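Student: Quick one, fold the following:
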Amino acid sequence: MAHLLDERGIRPTTLHSYRQFLGHLEDYLKEVKVGSLHVLSPAILSAFVTKRSAGWGMSMLGGLCTVRRGFLRYLF
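Tutor: Numbering: from 1, shown residues only. The predicted model follows:
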């Protein structure tokens, strides 16, 4: 997260949102027993978004997908 603050100039409130969204992803990966980020696949990520879509509005899902995309760019 320090990378986002230092190099990208992300505001602390935005960083807080990123942490929350990534926490949801982390919880989901534990739930489906994905132990390594190296095994992430489009199917796993799609299932995550589908599961989170229940009860969330479009703006929340848009934020979730934006954070997920940025996280994946950082990783790969």
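
Student: How far does the lengthiest helix in the chain sit from its chain's centre?
Tutor: Scanning the chain for the helix with the most residues, using DSSP state H, yields helix 12-31. Distance of helix 12-31 from its chain centroid, counting by CA atoms, centre = their mean, to the nearest Å, is 6 Å.

Student: I'd like the mean pLDDT over it, please.
Tutor: Average pLDDT, helix 12-31: 88.

Student: Buried residues, it. List them.
Tutor: 17-18, 21-22, 24-25, 28-29 (16 or more other CB atoms under 10 Å). For every residue, glycine as well, the C-beta is placed using N, CA and C.

Student: which ones are touching Leu64?
Tutor: Residues in contact with Leu64 (CB atoms under 8 Å, 6 or more residues apart in numbering) are 21, 24, 49, 52, 56.

Student: ok, these vs Lys33, which is closest?
Tutor: His24 (16.5 Å; CB to CB).

Student: ok, so what distance separates Ser41 from Thr13?
Tutor: 32 Å (CB to CB, to the nearest Å).

Student: Oops, could you answer that again for Pro42 instead?
Tutor: For Pro42 relative to Thr13 (CB to CB), the value is 30 Å.

Student: can I get the contacts of Leu64 in JSON lines with distance to Cys65?
Tutor: Output for the contacts of Leu64, formatted as JSON lines (distance: CB to CB, whole Å):
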{"residue": "Phe21", "distance to Cys65": "9"}
{"residue": "His24", "distance to Cys65": "12"}
{"residue": "Val49", "distance to Cys65": "7"}
{"residue": "Arg52", "distance to Cys65": "10"}
{"residue": "Trp56", "distance to Cys65": "11"}
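
Student: from those residues, which is closest to Tyr74?
Tutor: Phe21 (13.5 Å).

Student: Please report how far that closest one lies from Val39.
Tutor: 20 Å.
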